[in-house]
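> let's see this in three dimensions:
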Amino acid sequence: MSTPVIAFVGAGNMAASIIGGLVDAGHPAQRIRAADPHAETLQRLSATAPVIACGDNNEAVAGADVVILAVKPQVMATVCADIAPALANGNTLVISIAAGITLESMQGWLGETTAIVRCMPNTPALLGCGASALYASAQVSAQQQEWAASILDAVGITEWVESEADLDPVTALSGSGPAYFFLFMEAMIDAAVEQGLPRDTATRLTLQTCLGASRMALENEVDLAELRRRVTSPGGTTQAAVESFESSGLRDLVGSAMQAAADRARAMAKEMG
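This is a model prediction of the structure:
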């Protein structure tokens with residue numbers, strides 16, 4: 001089959017990142033459309049990728065093979081109602097990247113026969129190193145699953161989850177996860193400054209340490225616990241810090257925080273469905 005025509009409803013940062021990844025991966029810009037209510041957003045997008053800018057949502061989605069809904073959850077119902085007639089008679093795959101909007105809600109707005117993939121991306125997709133989880137409705141074909149994975153693979157890695165409910169802990173893990181690391185890095189920097197380091201020095205060392213630790217974890221076949229043990233000399237400085245973390249209940253604190261995020265994802269589904 002020919003390269004799919006992909007329409008983006010919403011052309012903000014996440015959509016622009018996915019479009020940039022697709023074009024860099026060789027997807028023809030002429031087979032990508034984008035609609036957005038803000039003309040300046042489309043102008044910025046067109047300056048970086050020569051995609052087809054559309055005047056309205058229906059112009060973008062008409063005849064498209066894949067429609068990516070990159071809009072805020074609060075306006076999803078309105079957007080779906082707008083484009084539903086254009087999707088009624090086709091075999092279009094709809095990919096939603098909005099948190100908290102369930103398949104049941106989407107099918108209520110778009111029709112029960114609509115093929116829908118829910119996607120939970122994260123902000124590192126802006127740099128091409130995102131982590132996205134996907135879940136497909138029963139109407140999604142094997143070809144459409146391949147399309148969905150290839151689109152999100154253009155900005156990082158993808159994982160299919162076994163149930164829609166799995167997207168709630170995914171939201172708590174990779175969806176919200178970047179903020180946890182930013183917070184931890186802030187705390188490390190502040191602690192180093194308290195101990196006498198200049199803030200710019202503490203910042204550079206913290207950020208590079210985070211990058212190095214992540215690369216070590218990605219590029220080694222051993223598990224994280226073993227990597228940690230290799231850094232932790234008996235009776236040394238790292239052991240003192242790790243024991244302080246453990247005695248202060250770091251694992252329980254992380255677990256509680258992620259549970260709060262997952263609970264909020266479920267609550268959002270009820271509020272916006």
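
> just the helices in the chain please.
13-24, 39-48, 57-61, 76-87, 103-110, 142-153, 167-170, 177-194, 199-219, 224-231, 237-247, 250-272 (DSSP state H).

> what does the first one rub up against?
Just to be clear, that refers to helix 13-24. Residues outside helix 13-24 that contact it (C-beta atoms under 8 Å, 6 or more residues apart in numbering) are 6, 8, 11, 29, 32, 34, 44-45, 48-49, 51, 68, 70, 97, 121, 123, 125-126, 128, 130, 151-152, 154-155. Any C-beta I mention is one placed from the backbone N, CA and C, and that applies to glycine too.

> ok, 7 Å please
Residues outside helix 13-24 that contact it (C-beta atoms under 7 Å, 6 or more residues apart in numbering) are 8, 29, 32, 34, 45, 48-49, 51, 68, 70, 97, 121, 125-126, 128, 151, 154-155.

> circling back: Serialize the helices of the chain to TSV and add fields for mean pLDDT and distance to E159.
Listed next are the helices of the chain as TSV, based on pLDDT from 0 to 100; distance: least, C-beta to C-beta, whole Å:
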stretch	mean pLDDT	distance to E159
helix 13-24	93	17
helix 39-48	89	28
helix 57-61	95	27
helix 76-87	93	23
helix 103-110	94	18
helix 142-153	96	10
helix 167-170	95	8
helix 177-194	98	13
helix 199-219	97	15
helix 224-231	96	18
helix 237-247	97	28
helix 250-272	92	17
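
> can I get the ones you listed in TSV with mean neighbour count and distance to Y135?
Conversion of those to TSV gives the following (neighbours: other C-beta atoms under 10 Å; distance: least, C-beta to C-beta, whole Å):
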stretch	mean neighbour count	distance to Y135
helix 13-24	20	18
helix 39-48	14	28
helix 57-61	22	22
helix 76-87	17	16
helix 103-110	18	8
helix 142-153	18	10
helix 167-170	22	6
helix 177-194	14	18
helix 199-219	13	25
helix 224-231	12	26
helix 237-247	11	34
helix 250-272	14	13
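
> if we can go back for a sec, what about burial for the contacts of helix 13-24, which qualify?
Among those, those classed as buried by 16 or more other C-beta atoms under 10 Å are 8, 32, 34, 45, 49, 51, 68, 70, 97, 121, 125-126, 151, 154-155.

> setting aside sequence neighbours, what's the nearest residue to the spatially most central residue of the chain?
Most central in the chain under C-alpha atoms, centre = their mean is P121, positioned 1.2 Å from the mean C-alpha point. Using C-beta to C-beta, 6 or more residues apart in numbering and skipping residues adjacent in sequence, the residue nearest P121 is S132, 4.3 Å away.

> ok, so what distance separates that neighbour from A149?
Distance, S132 to A149, by C-beta to C-beta, to the nearest Å: 9 Å.

> can I see the domain layout of the protein?
What the record gives for the chain is the domain set 6-167, 175-269, from automatic domain parsing.

> re earlier: what sits in contact with each of S132 and A149?
Contact criterion C-beta under 7 Å, 6+ apart; residues shared by S132 and A149: T158.

> mind listing what A115 touches?
Each residue near A115 by C-beta under 7 Å, 6+ apart is listed here: 93-94, 137, 139-141, 144.

> which of these count as buried?
93-94, 137, 139-140, 144.

> start to end distance for stretch 18-33?
12 Å (C-alpha to C-alpha, to the nearest Å).

> before we move on, what about stretch 160-172?
16 Å.
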